[in-house]
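Peer 1: sequence and computational prediction follow.
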Amino acid sequence: MKINGSLLLIGCGKMGGALLEGWLAQGVAPEAVTVIEPFESPVLEGLRARGVAVVKAVTDLPEACDPAVVVIAIKPQMMDATIGDYRLFAKASTVFLSIAAGKTLAYFQSALGEEAPIVRAMPNTPAAVGRGMTVLCANGAASAPQREACSSLLSAVGETAWVEDESLLDAVTAVSGGGPAYVFLLIECLAQAGIEAGLPSDLAERLARVTVAGSGELVHQASEAPSQLRKNVTSPAGTTLEALNVLMAEDGLQPLMTRAIAAATRRSRELGQSEPA
Ligand SMILES: NC(=O)C1=CN([C@@H]2O[C@H](COP(=O)(O)OP(=O)(O)OC[C@H]3O[C@@H](n4cnc5c(N)ncnc54)[C@H](O)[C@@H]3O)[C@@H](O)[C@H]2O)C=CC1
Ligand SMILES: O=C(O)[C@@H]1CCC=N1
């Protein structure tokens, strides 16, 4: 993919790095990307070797730096102290694309100015392999081409959806933003349960990993609903039914997941509460 103009990525950690990997894999020119990341790492070395410009701080940027898209990928807890540094890019021709949990469009407008074009997005780490899910919403200052530019960036690394109602992003953050972590925990729990059922640990871990990856691919490719795919595994009076009777009991997985998602949604709202310095 091509981007019109250049891209500045602020924060090249797990999520910013995953997006950048995805973009480079999709053909974004490394020369079009500048990264601000204070902490040195082999990942940054690799990026430099591929032609990406990497600096430690906003003050190290060349004066000519005039990005079309500024991707904000630092922790929400760092935002208050840092976001004001980027006011220098606030103008109609530059869109800010924030992936920070909880931080609202109004928050960025108060830090960057009412006229700053801002898109708030919630991606997830499978973007690194082109299988992400991102939900986006924009403020009124973001032009149609700027929304389209943000859409293209995130569509290049997975599926996208837009919402008008920004408040939905807290639940989105809980479900798809953090979702990969719950799936990885499922792998860990399945493997541990296998070990407790007598399997050698390396075999149990492989079974759990391949089973979840295969099931993910199946649900991705199949036209049936997940509930039908589940039924396809569940033979009458068979073994799976015994496990599902436990997992689908009144105190089974659903109430647990509902509580987990409610807790994450609440935390996303809390993270939105602070104000820029
Ligand atoms: N990790 C995930 O799965 C997801 C994370 N997010 C959001 O992405 C953002 C980043 O999260 P992670 O990548 O997980 O955190 P991280 O801690 O891995 O990455 C943040 C990066 O920002 C760098 N940084 C700190 N201060 C900086 C500054 N002043 N200027 C530039 N860079 C600075 C840190 O060195 C670090 O590499 C957060 O706002 C989070 O809510 C959103 C969706 C999913
Ligand atoms: O845990 C977090 O706060 C971030 C947002 C979604 C995934 N990781």
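Peer 2: Nice, I can see it. Ligands and ions are numbered 1, 2, ... in the order given.

Peer 1: which residues does the nearest residue to residue 104 once chain neighbours are set aside contact?
Peer 2: Counting by CB to CB, 6 or more residues apart in numbering, residue 104 lies nearest to residue 272, which is 5.1 Å off, once chain neighbours are set aside. Using the backbone N, CA and C atoms, a C-beta is placed for each residue, glycine as well. By CB atoms under 8 Å, 6 or more residues apart in numbering, residue 272 lies in contact with 76, 102, 103, 104, 107, 170.

Peer 1: same thing but 10 Å
Peer 2: 76, 100, 101, 102, 103, 104, 106, 107, 166, 167, 169, 170 (CB atoms under 10 Å, 6 or more residues apart in numbering).

Peer 1: what does residue 199 give?
Peer 2: Taking CB under 10 Å, 6+ apart as the test, what residue 199 contacts is 191, 193, 205, 206, 207, 208.

Peer 1: now, the most widely separated pair of these?
Peer 2: Greatest spatial distance among the contacts of residue 199 (CB to CB): 193 and 206, at 14.3 Å.

Peer 1: CA atoms only: put stretch 268-277 into CSV for me.
Peer 2: C-alpha atoms of stretch 268-277 as CSV (Å, rounded to 0.1, in the frame of the first residue of the first chain):
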residue,chain,number,x,y,z
SER,A,268,-11.1,2.2,29.6
ARG,A,269,-13.6,4.8,30.8
GLU,A,270,-11.3,5.5,33.8
LEU,A,271,-8.3,6.0,31.6
GLY,A,272,-10.2,8.7,29.7
GLN,A,273,-10.7,10.7,32.9
SER,A,274,-7.4,12.6,33.1
GLU,A,275,-6.6,15.9,31.5
PRO,A,276,-3.6,17.0,29.3
ALA,A,277,-1.0,19.1,31.2
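
Peer 1: can you name the residue of the stretch 1-150 of the chain nearest to ligand 2?
Peer 2: Residue nearest to ligand 2 within the stretch 1-150 of the chain (CB to the nearest ligand atom): residue 101, separated by 3.8 Å.

Peer 1: okay, now that residue: neighbour count?
Peer 2: Using other CB atoms under 10 Å, residue 101 has 24 neighbouring residues.

Peer 1: that one sits in which helix or strand?
Peer 2: Counting by DSSP states H and E, no helix or strand carries residue 101.

Peer 1: ok, now residue 71?
Peer 2: Using DSSP H and E, residue 71 maps to strand 69-72.

Peer 1: strands paired with that strand, and their directions?
Peer 2: Paired with strand 69-72 in the same sheet, following DSSP bridges, are strand 7-10 (parallel), strand 95-98 (parallel).

Peer 1: next secondary structure after it?
Peer 2: Per DSSP H and E, the first helix or strand lying C-terminal to strand 69-72 is helix 76-82.
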